[in-house]
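Peer 1: Whatever this is, show me its structure:
(chains A and B)
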Amino acid sequence: MSYSNDTLMLANVSRRGLLKGMAGASALVLAARWDAGFANEQAQFGAGAMPGGWVDNPNVFIRIDADGSVTFINNRAEMGQGIRTSLAMVAADELGADWEQVRVEQAPADQEKYGNQNTDGSRSMRHWYQPIRRAGAAARQMLEQAAANQWGVPTSEVRTGIHTVTHIPTGRELSFGELAGAARDLDVPGRHGLTLKQDSELRFIGKESGWVNGELTSAHPRALDGEDIVTGKAVFGADVELDGMLYAVVARPPVYGAGITSVDGSAALEVPGVEKVIRIDTADQPAAFNPLGGVAVVATNTWAAMEGRKALKIQWDLSSAGDNASYTSEPFRAALEETAQSPGKVIRQSGDVNAALSNAAKVVEATYYMPHMAQTPMEPPVAVVRVQNGKAEAWAPVQNPGATRGGVAGILGIDAENVTVHQTLLGGGFGRKSKPDFVSEAARVAKEFEGRPVKLQWSREDDVQHAYFHAVSVDHLKAGLDAEGKATGWLHRTLSPSIASLFAPDPEHKGEFELGMGFNTMPFSIPSIRLENPPASAHVRIGWFRSVYNLPHAWAIQSFAHEMAVAAGRDHRDYVLELLGPDRKVHNLTVGDGWNYGEDPDLYPIDTARMRRVIERATEEAGWGRELPDGRGLGLAFHQSFASYTAIVFEVEVDDSGELTIHRADIAFDCGPQANPERIRSQMEGACVMGIGIALKSEVTFENGVAAQSNFHDYLLPRMPDAPKVVRVHLIDNPGDAMGGVGEPGLPPVAPALCNAIHAATGKRIRRLPVADQLKS
Amino acid sequence: MASLTINGRQYELDVPDSMPLLWVIRDVVGMKGTKFGCGMAQCGACTVHIDGVATRSCVTPVSAVSGEVKTIEAMADDAVGKRVQQAWLDLGVAQCGYCQGGQIMNATGLLKNNPSPSSQEIIDAMAGNLCRCGTYNRILAAVERVVSEEAPS
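Peer 2: Just a heads-up that it's a prediction; the model follows:
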């Protein structure tokens, strides 16, 4: 598997190896990373530790044409986070470009040239802000050098304004377009010689604009894809059209790992437009990013292919699926809850939890359940591939173009150098499109049509039923309180199938990068703590879903802290601030987290003061503690993830019939320095809505290995009436810390904050998601 | 054979009667602004106008289309559609953007029939359009912005 070294899991393993005995060397590494272009391979943290590392060469990212247009070459997947605009802004600000003359172009898959392109883990701005600023600064200095050369003056006498370079003593000016040709031939200045702009000189970076909490404050710099999106011109994966293109859909095994006993495609071939029926081998398990297998129907348009698929007669062979064919959600949940009653693999331990619990004045105990979910980006998986003369070209909406390239090469048996991957806009990703199985599947079909492009389209049913599912989870917690209600002991057992089961024989335990998502990093200051991870097995493809295992961990821990506060008769905010204890910065390894989102623990400690700050801000803004009418309540939750800190307070109302209204959400967010606050706000607003869906509506269940839901009539997503009536995002001004992630950290605290608010309004405790009709009974 | 008027242009198309308008527009005519999201009128990504009425093209057989079809590509030339698009840009509504063509078609259809809907009427009218990125609050605000600009001062 040529792409295996590009997965998060395996990258993580190599980092873990490096961590041993090197944890103290980070300052040295940081220095080397800044100074030397070859430092990537030595780095064990951050962007430098990712496959392909970082690149800050302006010639890779910035092109200036004679007409003055500045083109930013974007190397990250655009899936709604606005990265094409935000990274281009960073470059343009440092360069001094007129925003109206800035364009964006998408880089093809080439991590050697463009650095790491795997867009996941909320890493784009966190890892690329500095390299892209440097690229912008270097390009500006090259323009200044070109102007100085032309005028025969020292560079100290020239200065870049907006899209022009000025000779200060004489006032002479040259435009970027006039200088572009000469600047191109100059050497790129070394990193040492770069001068980044002062904050006071910046026009875009860190500046608020646009829609801020219900008001249009000022025009925001135009979103580079905005006009194309609202006029229908934006090109997503589904919109690629090539001459002579064929259209394919695939009937996949209903149970993970099932094979085919027989196929009768004769009726399918009778459907007008259907050209071919192709059998695809079932992927060996674990399937990783390989296509699941099944039967492809290829036609002259999508509708004909879908109609042809309906006419297939397939006998599936369930024997190769093993016990996946008896996987049923309800007994599986019961079994996990049963397992949660017994001790599991110990992940973190301090003090004596058993003694704390047996000596406690009061014991609080609860078990929480979060179901499987499918990412369901609005654009279902889709890819176009053309195979010709031993080479392949793919057009696809993928989060991980590097893995896509490897996957296509692997299934065709050719070298990755012979695969070109063009990355389109993504109609949503949320982790689904970090798995490029659908592109490899398209390549497998296109292989049968030498020289002819094939578009392989997943239907919504395909997407819901054959997702890489968010892991089902059970979390069992037990706490001891003393006579004053103070916590003395904390026992937490977490159970979920692991994503590692996709790539290797099922480990039945969560991996380091899964536990590090809010489980062993649990921040409370309690004398006795024991964290355990009993086994749970995987029977479907388990994969990343936006914010991943932070979802169940935050849901359980933040709900349980509220239960403890209620049991102690204390105010929830006061109680969690007390649980947090004194402000302190925790090194990840001291809580057994060897991962830390891949970041340097010296730059990115777990900072309880930042947790306290977001809690204080969200509760203040929400008017925590005020009197509310009957049936209304405020609920709080907070969580640190992807190196950022979020707290949310919901105000909800539940009427006598159990109807829930979400009146308001106050979200406090601290990601350290903010590159583009306008898009940070939109990410928080969107995560809030998505989290409401997780809390209230979304669930995939299995019956004998087959997903019981299939489309948006039974796999329910939040709709406009479900959104809070008011959403307020409160960004914490914190330029001093290292930059954190934005795309994911808004999501984990949503469900527990909402369920805590429901409890405050009704006294009803939700321990099983989704809420669905639990308020009606 | 189907005879269609799309965005003011006449098409004579050799397609089966049962083919949904969505796939005729996307695969046969080759216009890509109208999106496939669910195929069963549950998400609204495929919304077009037929004689000015917002319609889910994914469940509309081409044989059932008798009126004039307008797609998102025509909205820049539509007095209401253009204002809706501008409000979307002003407020930074779109995230990934995949559903937004359908959202704009649905909102424009609403405003053509009811130029001054209440907030609740907007919410009810937009409830059939899914946005997985969760941009609903900005969509609502953008439609309200068009309404308030429309209101006589």
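Peer 1: Distance check, A:Leu491 against A:Arg348.
Peer 2: Using C-beta to C-beta, to the nearest Å, we find A:Leu491 at a distance of 11 Å from A:Arg348. Backbone N, C-alpha and C define where each C-beta goes, glycine included.
Peer 1: Now list whatever residues contact both of those two.
Peer 2: Residues touching both A:Leu491 and A:Arg348 (C-beta atoms under 8 Å, 6 or more residues apart in numbering or on different chains): A:529-531.
Peer 1: ok, now which ones touch the closest residue to chain B within the stretch 651-777 of chain A?
Peer 2: Residue of the stretch 651-777 of chain A nearest chain B, by C-beta to the nearest C-beta: A:Val689 (2.9 Å). Taking C-beta under 8 Å, 6+ apart as the criterion, A:Val689 is in contact with A:718, A:722-723, B:131, B:134-137.
Peer 1: about what we covered before: just checking, which of the shared contacts of A:Leu491 and A:Arg348 belong to strands?
Peer 2: A:529-531 (DSSP state E).
Peer 1: Give me the domain ranges for the chain.
Peer 2: Since no chain was named, I'll use chain A. Following automatic domain parsing, chain A resolves into domains at A:26-201, A:237-321+A:381-457, A:340-374+A:468-762.
Peer 1: oops, chain B please
Peer 2: B:2-73, B:75-150.
Peer 1: Include mean neighbour count when you put those into a markdown table, please.
Peer 2: Formatted as a markdown table, the domains of chain B follow (neighbours: other C-beta atoms under 10 Å in any protein chain shown):
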| stretch | mean neighbour count |
| --- | --- |
| domain B:2-73 | 20 |
| domain B:75-150 | 22 |
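Peer 1: Looking at these, spot the one closest to A:Thr261.
Peer 2: Of all those, domain B:2-73 sits nearest to A:Thr261, with 28.4 Å by C-beta to C-beta.
Peer 1: does the closest residue to chain A within chain B sit in a helix, a strand or a coil?
Peer 2: Nearest residue of chain B to chain A (C-beta to the nearest C-beta) works out as B:Gly33 at 2.2 Å. What DSSP: H, G, I helix; E, B strand; the rest coil gives for B:Gly33 is coil.
Peer 1: pLDDT weak spots in chain B?
Peer 2: Filtered on pLDDT under 70, chain B yields the residue ranges B:151-153.
Peer 1: just the strands in it please.
Peer 2: Counting by DSSP E, the strands of chain B are B:2-6, B:9-13, B:47-50, B:53-56, B:69-70.
Peer 1: what lines up beside the fourth one in the sheet?
Peer 2: Sheet pairing for strand B:53-56, assigned by DSSP bridges, gives strand B:47-50 (antiparallel).
Peer 1: Please enumerate the strands of the stretch 301-450 of chain A.
Peer 2: Using DSSP state E, counting those that start in this stretch, the strands of the stretch 301-450 of chain A run over A:313-317, A:345-350, A:362-370, A:382-388, A:391-396, A:419-423.
Peer 1: Now do the buried residues in stretch A:244-256.
Peer 2: Of the residues in stretch A:244-256, A:245-256 count as buried by neighbour count, 16 or more other C-beta atoms under 10 Å in any protein chain shown.
Peer 1: er, stretch A:351-370 I mean
Peer 2: A:353, A:356-357, A:360, A:364, A:366-370.
Peer 1: Could you do stretch A:688-703 as well?
Peer 2: A:688-702.
Peer 1: next one: stretch A:217-237
Peer 2: A:220-221, A:223-226, A:228-237.
Peer 1: go on, stretch A:305-313?
Peer 2: So, applying 16+ other C-beta under 10 Å, buried residues of stretch A:305-313: A:305-309, A:311-312.
Peer 1: swap in stretch A:627-636?
Peer 2: A:628, A:632-636.
Peer 1: now do stretch A:656-676
Peer 2: For stretch A:656-676, a neighbour-count test (16+ other C-beta under 10 Å) marks A:660-662, A:664-676 as buried.
Peer 1: how long is it from one end to the other?
Peer 2: 43 Å (C-alpha to C-alpha, to the nearest Å).
Peer 1: what's the spacing between B:Thr71 and A:Asp65?
Peer 2: B:Thr71 is 33 Å from A:Asp65, by C-beta to C-beta.
Peer 1: near chain B, from the buried residues of stretch A:217-237?
Peer 2: Counting by C-beta under 8 Å from any C-beta of the partner chain, A:220, A:223, A:225-226, A:228-236 from the buried residues of stretch A:217-237 sit close to chain B.
Peer 1: all helices of chain B, in order?
Peer 2: Using DSSP state H, the helices assigned to chain B run over residues B:21-23, B:79-91, B:100-113, B:119-126, B:136-150.
Peer 1: Show me what the second one is packed up against.
Peer 2: Using 3 or more C-beta pairs under 8 Å, 6 or more residues apart in numbering or on different chains; DSSP states H and E as the contact test, the elements touching helix B:79-91 are helix A:226-231, helix B:100-113, helix B:136-150.
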